[in-house]
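Peer 1: Fold the following, please.
(chains A and B)
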Number of protein chains: 2
Amino acid sequence: MTHPLRRHIEEIISLTDEEFDFILSHFTAIKKRKHQYLVQEGDIVNKEYWIINGCIKSYFVDYLGKEHILQFAMEHWWITDYESFVKQTKSKISIDCIEDCELLYISFENRDKLTSQMHKMERFWAKKSKMGRIALQNRILCLLKNSTKENYNLLLEQYPKLFQRVPKKMIAAYLGVSRETLSRLKA
Amino acid sequence: MTHPLRRHIEEIISLTDEEFDFILSHFTAIKKRKHQYLVQEGDIVNKEYWIINGCIKSYFVDYLGKEHILQFAMEHWWITDYESFVKQTKSKISIDCIEDCELLYISFENRDKLTSQMHKMERFWAKKSKMGRIALQNRILCLLKNSTKENYNLLLEQYPKLFQRVPKKMIAAYLGVSRETLSRLKA
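Peer 2: Next comes the predicted model:
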């Protein structure tokens, strides 16, 4: 059976068996249980994660103790705090597992080595980075432009499965509303 | 004198004279006057711009006719609507010149050709894309986390020159407040 990471990479670039084995040798497999964290605010992040299965949130807690969710990530998504990972500065956000997760991670050094040596992988991650940037731009447009009801409907339309997998209070923390407001939106 | 684009690229990768000439041959120089546009909402965007000099805003207008500014860009910044440019879909935003501008642009096809042929340029733009993604993540954190006063101070700290170059109503449209509120923040 083709490795899921190979299928994922081959959506953008094609690989020989040798190339994929070389790529995979730069990754490490780990398992995390629900509620375990990948990044804690203040960490200097040295790993980028790829989700084989499971569901993850990136978030921060404001000075009133209120959680704001930046992003949910599921199967075959890449996640880390890119600011901390790229600039090697302290992370402003935290990243936790919402479910038991199987992950692959690549260290900063291995990713740099791999992209230096293989133009194909530079191209692959450049494409992924562009898509991540586009997702963030759309998140900003939604925050500035849409009503909460519109953002709720958009989330439901884009990620219907999320609503079965994620507690309601997290959907509320993503939309920036209280659970009571969320209940009214669903009605 | 070294070309400003060469100095800019060489902050990340080093180039031979031949390599830079080859890169530059993929760009076209244009001038735009204040108030002229680079992207109009609904366009399919085929150019990425690099600012030699001048100041630019990306924005959208909501259904009440209110302008929301996503980003300002100045000397030596790259700007386009990346969603439209990468996916070749209709742009959801507009991009206008706030001052007379001298620009270089590269078409989608030339950028793709250049990054395919030159691993170095793939690497350069991958780095730029990562930095753009980080800037957008910080914009989201600011929108979710900070008070308007905090965001005003942050903008002033990061881009002190912006306040001399950009009309107050645009600063207000970036911060998402009225001009009256902005005046109070400045007091």
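Peer 1: Please make it C-alpha for all contacts and neighbour counts, starting now.
Peer 2: Fine.
Peer 1: any idea how far the spatially most central residue of chain A lies from B:E75?
Peer 2: Nearest to the mean C-alpha position of chain A, by Cα atoms, centre = their mean, lies A:I79 at 3.3 Å. Distance, A:I79 to B:E75, by Cα to Cα, to the nearest Å: 31 Å.
Peer 1: swap in A:G54?
Peer 2: For A:G54, the distance to B:E75 - Cα to Cα - is 43 Å.
Peer 1: just how off-centre is stretch A:138-155 within its chain?
Peer 2: Offset of stretch A:138-155 from its chain centre (Cα atoms, centre = their mean, to the nearest Å): 19 Å.
Peer 1: Name the single longest helix found in chain A.
Peer 2: The longest helix of chain A (DSSP state H) is helix A:119-145.
Peer 1: Check whether that helix comes near chain B.
Peer 2: Yes. Judged by Cα under 8 Å from any Cα of the partner chain, helix A:119-145 comes into contact with chain B through A:119, A:122-123, A:125-126, A:129-134, A:136-137, A:139-141, A:143-145.
Peer 1: same check, this time on stretch A:147-160
Peer 2: No. Using Cα under 8 Å from any Cα, stretch A:147-160 stays clear of chain B, coming no nearer than 11.1 Å.
Peer 1: residues in contact with that stretch?
Peer 2: Stretch A:147-160 is contacted from outside by A:142, A:162-163, A:175, A:177, A:185, using Cα atoms under 8 Å, 6 or more residues apart in numbering or on different chains.
Peer 1: do that again at 6 Å, thanks
Peer 2: Outside of stretch A:147-160, not a single residue reaches it under the criterion Cα atoms under 6 Å, 6 or more residues apart in numbering or on different chains.
Peer 1: same deal with stretch A:168-180?
Peer 2: Contacts of stretch A:168-180 (Cα under 6 Å, 6+ apart): A:68-69.
Peer 1: Could you give the separation of that stretch from the chain centroid?
Peer 2: With Cα atoms, centre = their mean, you get 19 Å for stretch A:168-180.
Peer 1: Likewise for stretch A:163-183?
Peer 2: 18 Å.
Peer 1: Stretch A:146-159 now?
Peer 2: The mean C-alpha position of stretch A:146-159 is separated from the chain mean by 19 Å, Cα atoms, centre = their mean.
Peer 1: again with stretch A:14-34
Peer 2: 18 Å.
Peer 1: Would you mark the buried spots in that stretch?
Peer 2: Neighbour counts over stretch A:14-34 (16 or more other Cα atoms under 10 Å in any protein chain shown) mark A:15, A:20, A:23-24, A:26-27, A:32 as buried.
Peer 1: Repeat that for stretch A:123-140.
Peer 2: Buried residues in stretch A:123-140, counted by 16+ other Cα under 10 Å: A:123-137, A:139-140.
Peer 1: now swap in stretch A:180-187 and tell me
Peer 2: Across stretch A:180-187, burial judged by 16+ other Cα under 10 Å covers A:L182.
Peer 1: Relative to chain B, how far out is A:N46?
Peer 2: According to Cα to the nearest Cα, to the nearest Å, A:N46 stands 15 Å off from chain B.
Peer 1: That residue is in contact with A:F108, isn't it?
Peer 2: Yes. Contact criterion Cα atoms under 6 Å: A:N46 and A:F108 qualify, at 5.3 Å.
Peer 1: Of A:G54 and B:E75, which one has the most company?
Peer 2: Legend: neighbour count by other Cα atoms under 10 Å in any protein chain shown for A:G54 and B:E75, higher for A:G54 (21 against 16).
Peer 1: My guess is the more buried one contacts A:C97. True?
Peer 2: No. Using Cα under 6 Å, A:G54 makes no contact with A:C97, being 7.6 Å away.
Peer 1: Quickly list the domain ranges of chain A.
Peer 2: When chain A is parsed with automatic domain parsing, its domains come out as A:4-128, A:146-187.
Peer 1: With respect to B:R7, which of these lies nearest?
Peer 2: Ranking these by proximity to B:R7 (Cα to Cα) places domain A:4-128 first, at 21.0 Å.
Peer 1: And the strands in chain A?
Peer 2: Along chain A, counting by DSSP state E, strands occupy A:27-32, A:37-39, A:47-53, A:56-61, A:67-73, A:78-79, A:94-97, A:101-107.
Peer 1: Need those in CSV (columns: mean pLDDT).
Peer 2: Putting those into CSV (pLDDT from 0 to 100) gives the following:
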stretch, mean pLDDT
strand A:27-32, 98
strand A:37-39, 98
strand A:47-53, 98
strand A:56-61, 95
strand A:67-73, 92
strand A:78-79, 97
strand A:94-97, 98
strand A:101-107, 98
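Peer 1: Quick one: those strands as CSV, columns for distance to B:E102 too.
Peer 2: CSV is the format used below for the strands of chain A (distance: least, Cα to Cα, whole Å):
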stretch, distance to B:E102
strand A:27-32, 45
strand A:37-39, 42
strand A:47-53, 38
strand A:56-61, 39
strand A:67-73, 36
strand A:78-79, 37
strand A:94-97, 41
strand A:101-107, 40
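Peer 1: Of all these, which one is nearest B:L114?
Peer 2: Going by Cα to Cα, the one of the strands of chain A nearest B:L114 is strand A:78-79, 26.3 Å.
Peer 1: So which residues make contact with the closest one?
Peer 2: A:49-50.
Peer 1: That strand pairs with which strands?
Peer 2: Sheet pairing for strand A:78-79, assigned by DSSP bridges, gives strand A:47-53 (antiparallel).
Peer 1: And the contacts of the strand it pairs with?
Peer 2: With contact meaning Cα under 6 Å, 6+ apart, strand A:47-53 is reached by A:75-80, A:101-108.
Peer 1: I'd like the distance from it to the chain centre, please.
Peer 2: For strand A:47-53, the distance to the chain centre is 8 Å (Cα atoms, centre = their mean).
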